[in-house]
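K.L.:
3D model of this:
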Amino acid sequence: MACYVLDRTQRLPITPEQAWAFFSSPENLQKITPPEMNFVITSGNGSDKTHSGQIITYKVSPLAGLRMFWMTEIKHVEEPLFFIDEQRRGPYSLWHHKHYFKPIEGGVEMRDLVHYQLPLGFLGDIAHALFVKKKLNKIFDYRFEQLEKLFGKL
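P.N.:
Take a look at the predicted model:
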């Protein structure tokens, strides 16, 4: 069973504090998730400030007609530099997502670093090659586009 890595960087013309405020608010995740994912937060949203130990649950449709439960836990927080979420229940056997916010001239450099594994051993590896990798790239491409629409380009 392979461990895969998704590593994306984006620069936006906002402050690290503005980036933190947006990304550390769970309800904003729906704004940058493709509509066909039918992403709905079922608990853990609202006015809670992101903190270690925070549990957030979702319903999501990774494949047409398939509705899944997903639970993540915020594991580490160092405001406004980074936070880490990990899947507790959901479609992956491992999901470890680091969100970094680095001040740069004229804005912020954001980095998503995701380590993930799929269940089912070699069958999961085949699914990754056939469609999971492509789907994850599509989701993060959509996020990139939506963030540029919301905040502009740097």
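K.L.:
tell me the centre residue of the chain?
P.N.:
Residue closest to the average C-alpha location in the chain (CA atoms, centre = their mean): H97, at 6.7 Å.
K.L.:
and the lengthiest strand in the chain, average pLDDT?
P.N.:
Longest strand of the chain, by residue count under DSSP state E: strand 66-78. What strand 66-78 shows for mean pLDDT is 94.
K.L.:
what are the buried residues along the next helix or strand after it?
P.N.:
Next helix or strand after strand 66-78 toward the C-terminus (DSSP states H and E): strand 82-89. Neighbour-count burial for strand 82-89, counted by 16 or more other CB atoms under 10 Å, picks out 82-87. Bear in mind the C-beta positions are built from the backbone N, C-alpha and C, glycine included.
K.L.:
if we can go back for a sec, and the longest strand of the chain, which residues are buried?
P.N.:
70-74, 77.
K.L.:
ok, stretch 103-112 next?
P.N.:
The neighbour-count check on stretch 103-112 (16+ other CB under 10 Å) flags 107-110, 112 as buried.
K.L.:
what about the helices in the chain?
P.N.:
With DSSP state H as the criterion, the chain has helices at 16-23, 122-127, 133-151.
K.L.:
average pLDDT for the second one?
P.N.:
Taken as a whole, helix 122-127 carries a mean pLDDT of 92.
K.L.:
what comes into contact with that helix?
P.N.:
By CB atoms under 8 Å, 6 or more residues apart in numbering, the residues outside helix 122-127 that reach it are 1-2, 93, 117-118, 120.
K.L.:
contacting residues for K49?
P.N.:
Shown in contact with K49 (CB under 8 Å, 6+ apart): S24.
K.L.:
how near is it to E79?
P.N.:
9 Å (CB to CB, to the nearest Å).
K.L.:
ranking the helices of the chain by burial, who's on top?
P.N.:
The highest mean neighbour count among the helices of the chain, using mean count of other CB atoms under 10 Å, belongs to helix 16-23: a mean of 18.
K.L.:
got the contact list for it?
P.N.:
Residues outside helix 16-23 that contact it (CB under 8 Å, 6+ apart) are 12, 14, 28, 79-81, 83, 99, 101-103, 108, 110, 150-151.
K.L.:
cool, thanks, signing off.
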